[in-house]
Each structure stands twice: as structure tokens, then as C-alpha cells.
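Novice: Build me a structure from this.
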Amino acid sequence: MASSSSSSSSSSAVNMDPDVALRLFEEGATLVLLGVPKGTELGIDCKSWQVGPRFRGVKMIPPGLHFLHYSSVNSPTCGNEIGPKTGVFLHLKPREILLANWDPKEEDLDFSASKNQEEVSRIRATLQELDPYLGPYPYEVMRKWVSLTDHLSEELVNNLQPLSGRICAYCDVIPEIEYRHTKDRAEQPVNDTVCQSMKEGLDRLPKMKLREGTELRFSVIPEKTYPAGATPAEITQCSMDLSYALETVLKNYELQPLHILGELQFAFVCFLLGNVYEGFEHWKRLLALLCRSEETMGKRKQLFLDLITVLYHQLGEIPPDFFVDIVSQDNFLTSTLQDFFQFASGPGVDVTLRKRAEKFKAHLTKKFRWDFDADLDDCAPVVVELPEGVTVD
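Specialist: Sure thing, here's the model as predicted:
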């Protein structure tokens with residue numbers, strides 16, 4: 001969903017403040033990307049382009065955390081089909097030069113050249129000659145990018161991203177049992193009969209698993225929201241107020257509980273810019289956990305004040321009709337936020353948090369025309385009265 005442009009990236013520097021441009025020129029990092037095929041869709045943070053024949057990389061990048069994302073494109077003779085997106089989180093230092101070469105076989109960027117100090121030194125020495133082929137960082141999206149990642153640190157990214165370092169829009173799966181030799185495959189039973197059901201067909205397919213090192217390493221959200229040995233009354237209470245489950249997850253961030261918001265931002269960026277549906281699913285689960293934890297809301301004021309700010313920026317990046325197409329099918333977001341606003345208006349909630357929640361509720365109501373005061377009982381099952389004398393076994 002990143003914005004795209006087919007024009008030269010040099011246009012982004014036209015409206016840049018001269019002082020800012022000079023500072024970024026002197027202190028900014030440089031991303032040298034060699035051999036990227038013409039037509040490749042490539043972006044950094046919240047903006048993307050279609051690469052031209054002169055493209056060699058991006059300059060004047062503000063130091064800090066960034067997300068590079070790209071999709072290979074077939075030649076015109078093959079229909080210009082766009083491949084799945086790949087993303088890489090980068091933490092760049094002032095004046096750093098990061099070098100990558102395009103691997104045509106893998107259709108991916110190879111950053112191993114950055115480990116060759118002689119090659120990096122050579123690039124630095126010829127940087128002035130390379131400058132006309134480098135597009136400036138899209139400064140106009142920097143504020144937006146920072147607002148979407150202000151709780152996301154380099155350490156947190158390293159803990160959450162796959163060990164491979166690649167955020168892939170598709171699942172890289174392999175068979176659970178690999179038959180490497182022809183003899184092994186030949187010995188497997190062959191069933192030529194027609195499948196009688198979908199389940200039977202799925203059961204016949206080889207069992208697959210994610211390739212090791214490619215899976216996102218999100219926090220595990222407990223399936224049971226109540227402690228072991230809980231009474232029926234406690235189970236009911238923990239199902240209505242998810243504070244026990246939330247506090248269990250927060251133990252991963254015991255020293256810095258606000259890092260859970262960094263994980264929420266990481267999942268959102270993976271979905272928004274990386275097209276990773278798993279990121280969207282985890283964002284939903286984590287958000288539901290945060291919004292339905294009444295007891296924790298009374299104890300961790302700053303966590304929920306910052307949650308409102310995080311959601312304000314995230315929801316501002318998604319078109320309103322997106323929720324109609326995906327979220328509103330099960331009324332996830334409106335019902336989740338409805339619970340949040342109800343808990344935030346409770347007597348045990350800090351007055352600052354209560355007022356911030358009221359303003360956020362008014363903002364969403366105006367922007368999306370969502371009704372957070374609708375009676376959820378409207379969705380309850382209808383009780384049908386049977387005629388006198390009629391019973392149901």
C-alpha cells in the first residue's frame with residue numbers, strides 16, 4: 001500500500017528545506033544497489049518507484065531504522081508480471097554506505113558485498129561519480145515513517161524478523177519429509193482413485209512446513225486466557241477481561257513493556273509495506289489483547305496512552321474502504337475498539353487516559369463514521385417463542 005511514482009526520485013528533493021538537504025547530504029547514509037533490473041518496483045519506507053535504467057541506489061537517507069522493499073518484474077515479452085514482495089529492515093549509521101548486488105537467479109538483493117571493506121572503500125572513493133544515478137531519500141514521507149515506527153528499535157526488529165533477515169510476502173515452504181532420491185519417491189504409494197471430498201484431497205497432498213529461518217518470530221499469544229486451575233467464575237472473568245493473557249505476553253518485555261507497541265508496529269509495517277498477511281493477523285490478535293484488558297488499563301496508563309497514538313497513525317494510513325472489504329466482514333475493529341472505549345470510560349481509569357480515549361473515539365467516528373455506541377445485543381441470537389404445547393427435544 002506504499003505510494004508509488006514512476007517519475008524520477010530527484011523530484012522529492014525539490015521542495016526539501018535547503019538546511020535539511022545539506023545536513024542529509026553530509027550526514028545521510030547511502031544505499032548503493034547495483035544491477036537492479038529496469039521495471040523493478042522498489043521502495044524505502046512509505047514510498048516506492050518503478051526503477052529506471054539509470055538507477056543505482058538511494059542517497060541522503062536519514063540515519064536510523066528503514067524498510068527497503070522490492071518486487072521483481074518480468075520483461076514486457078513475459079507480460080510485465082510483478083513478483084511477490086520482499087522486504088529488509090536496515091539500521092543505517094551516519095555516512096554509512098551499504099552495498100548490494102542484484103542476484104538475477106534468486107531475483108533478490110545480495111548484501112554480502114557490504115562485508116567487503118575494499119569494495120565499500122572503492123564505492124566511497126567514486127561516490128561523486130555515482131551521485132547522478134542515486135535518487136534522494138523521499139524526505140516528504142520521513143515524518144510519516146517515524147510516526148509508524150517510533151516504538152520500533154533495532155534490537156526489537158532483530159528479535160522479531162526471520163533469522164534470514166527477509167520479510168517475504170509469500171510463505172517459503174518445503175515438504176516435512178523430503179524424498180531426495182528417485183528410489184525413495186518411487187516407493188511411495190500412488191493413489192489414482194478420484195477424491196471423494198476436499199478433506200480427502202488435502203490429506204493426499206504432501207505435508208509442508210516453513211523453511212527454517214524464514215518464519216516471523218512474533219510473541220506467542222496464549223490460547224487459554226486464564227491461569228491453570230482457574231474456577232469457572234475465574235475463567236468467565238478472564239474471558240471478558242484479557243488482562244491475564246496480556247500480562248503473560250508482557251513478561252517477554254518485562255523491563256520495557258512499551259516494546260509490545262513496537263511489536264504492534266512491526267506487524268503493521270510487515271502488512272502495510274511488505275504485503276505479509278501474517279502481519280495483519282498478528283496485528284489483529286495483539287490489538288484485541290490490548291483493547292480488552294480492563295485491569296491492565298487501570299495499572300499501565302502510559303502503555304494505553306501510547307497505544308492511542310500508535311493507532312491514530314496506523315489507521316490514518318489505511319483507506320476507509322479497506323475496513324469494509326476485510327475487517328468489517330466480522331466487525332473486528334469496531335467491536336474491538338468499542339470494548340476499548342467502554343473500558344477506558346470506567347471509574348478505575350486515569351482521567352488523562354479517559355479524556356484521550358474520548359477524543360480518539362470522536363476522531364474515528366467523524367473520519368470513518370463508525371458507531372461505537374451501537375448496542376452489541378443487536379447481534380445476539382433471536383429468541384423464538386414456540387406455540388403452546390410444542391416442545392424441542
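Novice: how about low-confidence regions in the stretch 101-250 of the chain?
Specialist: Across the stretch 101-250 of the chain, the ranges flagged by pLDDT under 70 are 171-194, 196, 198-211, 213.
Novice: 90 instead?
Specialist: 169-214 (pLDDT under 90).
Novice: now the strands for it?
Specialist: For the stretch 101-250 of the chain, strands defined by DSSP state E, counting those that start in this stretch occupy the ranges 108-110, 134-136, 167-168, 173-175, 208-210.
Novice: most centrally placed residue in this structure?
Specialist: The centroid of the chain falls nearest to C270 when counting by CA atoms, centre = their mean (2.4 Å).
Novice: separation between it and E263?
Specialist: 11 Å (CB to CB, to the nearest Å). For glycine as for every other residue, the C-beta is placed from the backbone atoms N, C-alpha and C.
Novice: again with K367
Specialist: 25 Å.
Novice: ok, these two, which is more surrounded?
Specialist: Set K367 next to E263 and count neighbours by other CB atoms under 10 Å: E263 wins out with 22 against 11.
Novice: how close does that one get to L156?
Specialist: Where L156 is concerned, E263 sits at a distance of 7 Å (CB to CB).
Novice: Kindly report the same for G165.
Specialist: 15 Å.
Novice: which of those two has more neighbours?
Specialist: Taking other CB under 10 Å, G165 and L156 do not tie; L156 has more neighbours (19 against 15).
Novice: OK, contacts around that one?
Specialist: 259, 262-263, 266 (CB atoms under 8 Å, 6 or more residues apart in numbering).
Novice: can you rerun that using 6 Å?
Specialist: L156 makes contact with 259, 262, according to CB atoms under 6 Å, 6 or more residues apart in numbering.
Novice: now swap in Y70 and tell me
Specialist: By CB under 6 Å, 6+ apart, the neighbours of Y70 are L42.
Novice: Secondary structure of it: a strand, I assume?
Specialist: Yes - applying DSSP: H, G, I helix; E, B strand; the rest coil, one finds Y70 inside a strand.
Novice: Could you give the bridge partners of it?
Specialist: Counting by DSSP bridges, Y70 forms beta bridges with L42, T86.
Novice: Okay, domains of the protein per the record?
Specialist: 3-149, 173-210, 232-379 (automatic domain parsing).
Novice: Adding distance to S219, write these out as JSON lines.
Specialist: Formatted as JSON lines, the domains of the chain follow (distance: least, CB to CB, whole Å):
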{"stretch": "domain 3-149", "distance to S219": "18"}
{"stretch": "domain 173-210", "distance to S219": "17"}
{"stretch": "domain 232-379", "distance to S219": "5"}
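Novice: Compare these and report which one is nearest to F218.
Specialist: For F218, the closest of these is domain 232-379, at 4.9 Å, according to CB to CB.
Novice: Can you give the distance of the closest one from its chain's centre?
Specialist: 16 Å (CA atoms, centre = their mean, to the nearest Å).
Novice: Stretch 91-111 now?
Specialist: For stretch 91-111 - counting by CA atoms, centre = their mean - the centre lies 21 Å from the chain centre.
Novice: Contacts for it next, please.
Specialist: By CB under 6 Å, 6+ apart, stretch 91-111 touches 27, 29-36, 61, 63, 65, 72, 113-114, 120, 123-124, 154.
Novice: how about a cut-off of 7 Å?
Specialist: 27, 29-37, 61, 63-66, 70, 72, 83, 86, 90, 113-114, 119-120, 123-124, 154 (CB atoms under 7 Å, 6 or more residues apart in numbering).
Novice: Enumerate the positions of that stretch that are buried.
Specialist: By neighbour count on 16 or more other CB atoms under 10 Å, the buried set for stretch 91-111 is 92, 96-102, 107-109, 111.
Novice: Quick one: residues contacting N252.
Specialist: S219.
Novice: quick one, phi psi at it?
Specialist: When read as degrees, to the nearest 10, the backbone of N252 gives phi -70, psi -30.
Novice: Surely F67 is within a strand?
Specialist: Yes - judged by three-state DSSP, F67 forms part of a strand.
Novice: thinking it is in contact with F271, fair?
Specialist: No - the criterion here is CB atoms under 7 Å, and F67 misses it with F271 at 11.9 Å.
Novice: Can you report how many residues neighbour the nearest residue to C238 once chain neighbours are set aside?
Specialist: Using CB to CB, 6 or more residues apart in numbering and skipping residues adjacent in sequence, the residue nearest C238 is Y226, 3.7 Å away. Residues lying near Y226 (other CB under 10 Å) number 18.
Novice: my read: Y226 touches E234, true?
Specialist: Yes - here Y226 lies in contact with E234, judged by CB under 7 Å, at a distance of 6.0 Å.
Novice: for this protein, longest helix please?
Specialist: Across the chain, the longest stretch assigned as helix under DSSP state H is helix 351-368.
Novice: Buried by neighbour count: which residues of it qualify?
Specialist: Quick answer for helix 351-368 (16+ other CB under 10 Å): 353, 356-357, 360-361, 364.
Novice: same deal with stretch 240-247?
Specialist: Buried, per 16+ other CB under 10 Å, within stretch 240-247: 241-246.
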